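J.: compute the structure for the input listed below.
(chains A and B)
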Amino acid sequence: MDTWESFRMAGKTLAANRLRSTLTMLGIIIGNASVILMVGVGQGAQKYAAQQFQSLGTDVIFVITGTDNARRNVIAPPNRLVLADAEAIATQVPTVRSVAAQINGSELAIAGNNTKRATLIGTTETYAIVRNAEVSTGRFFNAEDVKRNSRVVTVGAAIAKELFPQGTAIGQTVRMRGTSYEVIGIMSEKGAFLGTNQDDTIFMPITTMSSRLTGKTSPYGVAVAVINVSATSNANVDAAQFQISNLLRLRHRTSDVNADDTFTVRTQQDALEIVGNITGALTIMLAAIAGISLLVGGIGIMNIMLVSVTERTSEIGLRKAIGASPSDILTQFTIEAVILSLLGGAIGTGIGVGGILLIAAVSPLQAGVSVGAISLAVGVSGGIGLFFGIFPARQASRLDPIVALRSI
Amino acid sequence: MITTNAIASTSQISDSRREIVRLENVCKYYGQGDTLVKALDDVSFVIKEGEYCAIMGASGSGKSTCMNIIGCLDSTTSGQYFLDEQDVSGMEESDLAHVRNLKIGFIFQQYHLLPQLSAMENVMLPMAYANVKPKEQKDRAAAALERVAMGHRLNNRPNQMSGGQQQRVAIARAIVNNPVMLLADEPTGALDSHTTEEVMELFGELNTSGITVIMVTHEADVARNTHRIILFRDGHIMNDCLSPSELNR
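T.: Sure thing, here's the model as predicted:
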């Protein structure tokens, strides 16, 4: 019996048992759909995270106090970065366009009867340039405000809405720890990203914040948590990273080549890689979980095929009597299993792709239909059909025709 | 003595015809030691081309074992079996399948038609295993069904046909590969007396046209239609006679 004939015969048999064939395929359908959907969602999340980082500006460099290792081992790494470091970077590193030092905090903000816990960022007027932060109304504080320790704030969109539900926030005052600050600007809405939400943030001059709220000063001046730096161009990011490292090593007297740095200079590219690694691992994990359901679907096929062999004993006996060789029977049952799994794989792929398109339509996740995931899932389901189909098919091919014919 | 009888009786018909079945001292044992069962014990006989032969016997007499061996479904413990002058004892399973496909047309009590296939497709099945081209398969299947007077039910499924009709389709399936013999196992066991007569008539017609027919049955009425009866008892041939009237004595 040639292969085409075998396929035709298998198709007829499967079509004759439509309900059973459908139920058998269901496992593979679900498995395949979930693999494609999960991989798609994972890749969508990866793309989304990358886009968010891109929106922060690809030329941004962060200088953070302490090394990764030190931050892991010590609660408060010593030898903090100070405001003077930021000024040194701005004036001495040629590939740097703009620098904004930053202190982080959290305060209860009060305006009239409304209160809200807000993230507090004390920084310089250059922050808006370095971090692509846009002001929707009013203005960001300027160099003069920083110089004079002015009690002015620029607030996030959500803060403005909650503290001043009626009317505009501009010109109003916000109280924090007993001091009043004038609202001079409202930031554009940006949404949450990686645990921080600019909309819930209050920005004030770094000098004001250090003198009135945090008081965190080191012997070398105002201690800062992060120095945001933007390079003159994307091409200069690596050069800037290198030059900043060297400058800070000199300033912090870690000239010994082998000594540990007291700071980390991280580019957006580094951060992107880290996020990529995390979301990549997440995607693999999702795919693995979905893969298990594919495996379960394969075992379902084996189960049904075994039942089918028992049920069709007399058919197998008849086929053998009229001239089917063991390999003919083996081929027939294997092809049936492969058709079931491939068809299930194709339907599952359709559902998976449909789900991805749906997700892309209703959520910001631009879940990608990955050709790799589809071919992998269909290939795997075909392989599963083959793998789990061969055992029952062998059982069938080994049946003794005399015994098989007798069982009616 | 029995052996000589068997050979002698066949030789009376004609010596020039081809030997379709030749069993030489065939034994078939099951089990070992104390539980040894001699299903066939030193059985020899010859069936020649064009014969119409019944194999009879009570259950446990060895007739079914004999049929399985003649049908190449079972192997012998010792002795040789020549089918169409070819030694098939000790052949591989896949070679035996090939032999069954081309040389033997099986007919069963329960018809054994595949329910998901039409009459036409059921008859095409043996040709599919013989790798006959699809076009030729259709032509030959139609011709075979025409020959058993089922030309009008080509596209019916088995569950749309009566028992007699199903058995006719099964006979068409058996003759479609032009086998050297038809091997029928209780072909009328599931049919009423009227249909039995019709089917037996069909067997008679096929035999008249030159096809060798071997029929395993325990019904004397059915065996009466044949030209030769081989009677088994306890694994031996008890009687091998040329006319049913001899059996009665």
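
J.: quick check: the gap between residue A:82 and residue A:263.
T.: Distance, residue A:82 to residue A:263, by C-beta to C-beta, to the nearest Å: 11 Å. All C-beta spots, glycine's among them, are computed from the backbone N, C-alpha and C.

J.: what number of residues lie near the nearest residue to residue A:244 once chain neighbours are set aside?
T.: Excluding the flanking residues, the one nearest residue A:244 by C-beta to C-beta, 6 or more residues apart in numbering or on different chains is residue A:265, at 5.2 Å. Close neighbours of residue A:265, defined as other C-beta atoms under 10 Å in any protein chain shown, add up to 22.

J.: check residue A:265 and give its pLDDT.
T.: On pLDDT, residue A:265 comes in at 87.

J.: same check, this time on residue A:53
T.: At residue A:53, pLDDT is 73.

J.: now the residue of chain B at minimum distance from chain A: which helix or strand?
T.: Per C-beta to the nearest C-beta, residue B:101 is where chain B lies closest to chain A, at 2.4 Å. For residue B:101, the host element (DSSP states H and E) is helix B:93-103.

J.: and residue B:28, which of the three is it?
T.: Using DSSP: H, G, I helix; E, B strand; the rest coil, the structure places residue B:28 in strand.

J.: now it, nearest residue through space, not along the chain?
T.: Spatial nearest neighbour of residue B:28, chain neighbours left out: residue B:40 (4.1 Å); criterion: C-beta to C-beta, 6+ apart.

J.: let me see the contact set for the one you found.
T.: B:26, B:27, B:28, B:62, B:65, B:66, B:69, B:76, B:235 (C-beta atoms under 8 Å, 6 or more residues apart in numbering or on different chains).

J.: residue A:286 now?
T.: Counting by C-beta under 8 Å, 6+ apart, residue A:286 has contacts A:38, A:39, A:41, A:42.

J.: skipping its backbone neighbours, what lies nearest the second one in space?
T.: If the residues on either side of it in the chain are set aside, residue A:39 comes closest to residue A:373, at 4.1 Å by C-beta to C-beta, 6+ apart.

J.: mind checking pLDDT for the one you found?
T.: 75.

J.: the helix or strand encompassing it to helix B:93-103, inter-axis angle?
T.: Following DSSP H and E, one finds residue A:373 within helix A:371-397. Per axes from the mean of the first three to the mean of the last three C-alpha atoms, to 10 degrees, the angle that helix A:371-397 makes with helix B:93-103 is 80 degrees.

J.: quick one, phi/psi of the residue in the stretch 51-200 of chain A positioned nearest to chain B?
T.: Nearest residue of the stretch 51-200 of chain A to chain B: residue A:51, at 54.3 Å (C-beta to the nearest C-beta). Phi and psi for residue A:51, reported as degrees, to the nearest 10, are phi -60, psi -40.

J.: and the next element down the chain from the helix ranked longest in chain A?
T.: Longest helix of chain A, by residue count under DSSP state H: helix A:268-311. Going down the chain from helix A:268-311, the next helix or strand is helix A:313-321, by DSSP H and E.

J.: how close does the nearest residue to residue A:212 once chain neighbours are set aside sit to residue A:30?
T.: Spatial nearest neighbour of residue A:212, chain neighbours left out: residue A:179 (5.6 Å); criterion: C-beta to C-beta, 6+ apart. Note on residue A:179: its distance to residue A:30, by C-beta to C-beta, is 60 Å.

J.: higher neighbour count, the two?
T.: Between residue A:179 and residue A:30, counted using other C-beta under 10 Å, the more crowded position is residue A:30 (21 against 12).

J.: ok, that one touching residue A:348?
T.: Yes: using C-beta atoms under 8 Å, residue A:30 is in contact with residue A:348, at 6.8 Å.

J.: what ranges does the chain have for its helices?
T.: All of this is about chain A. Counting by DSSP H, the helices of chain A are A:3-16, A:18-55, A:68-73, A:83-92, A:127-130, A:143-147, A:157-163, A:206-209, A:237-251, A:268-311, A:313-321, A:326-362, A:371-397, A:401-406.

J.: should've been chain B
T.: B:2-11, B:63-70, B:93-103, B:119-129, B:134-147, B:163-175, B:193-208, B:220-223, B:244-248.

J.: now the angle between helix B:193-208 and the fifth one, please.
T.: This points to helix B:134-147. Angle, helix B:134-147 to helix B:193-208, by the same axes, to 10 degrees: 120 degrees.
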